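S.K.: structure of the sequence below:
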Amino acid sequence: GDKQQLFDIIVFNFAVNEAKAQQFAKELLNKQHGRLLAPINTSNDYWLKQTYQVMDSEGKVLWSAVDVGAWSVQFQPDVTQDTCSGIWCAPFNGFQKKR
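M.R.: Predicted coordinates:
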């Protein structure tokens, strides 16, 4: 059968919970050298503050930073999460889940 194509790198440009980032890393990254970079919520479902993290294909954090220079890390939330809150999220953004 077809083997799923694995990625060398995955970069999220929106905030995600740590469990989701780990799931993507474990399922989609090249096992030998794959890396994932994402702004991870500092607490699960807390969309107001993130930490940059680099993970390997096992979901292990290799590097992290709460602040990058003088900038605090805050990204638009993952609109697919039911816990998404703020102006980017339903019902303000028009996003609707598939049923």
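S.K.: can you point out the buried residues in stretch 81-94?
M.R.: Neighbour counts over stretch 81-94 (16 or more other C-beta atoms under 10 Å) mark 81, 84, 88-89 as buried. C-beta: built from backbone N, CA, C; applies to glycine.
S.K.: can you give me the helices for the protein?
M.R.: Listed in chain order, the helices of the chain (DSSP state H) span residues 18-28.
S.K.: list the strands paired with the helix or strand bottoming out on mean pLDDT in it, with their directions.
M.R.: For the chain, using mean pLDDT, DSSP states H and E, the weakest element among its helices and strands is strand 71-72, scoring a mean of 71. With DSSP bridges as the criterion, the sheet partners recorded for strand 71-72 are strand 67-68 (antiparallel).
S.K.: mind listing what residue 7 touches?
M.R.: By C-beta atoms under 8 Å, 6 or more residues apart in numbering, the residues touching residue 7 are 28-30, 34.
S.K.: chain center to the least confident helix or strand of the chain: distance?
M.R.: Computed by C-alpha atoms, centre = their mean, to the nearest Å, the separation of strand 71-72 from the middle of its chain amounts to 18 Å.
S.K.: what's that strand in contact with?
M.R.: Contacts made with strand 71-72 from outside it, assessed by C-beta under 8 Å, 6+ apart, are listed as 49, 66.
S.K.: ok, and the closest non-adjacent residue to the residue nearest to the spatial centre of the chain?
M.R.: When C-alpha atoms, centre = their mean is applied to the chain, the residue found nearest the centroid is residue 16 (3.7 Å). Counting by C-beta to C-beta, 6 or more residues apart in numbering, residue 16 lies nearest to residue 78, which is 5.0 Å off, once chain neighbours are set aside.
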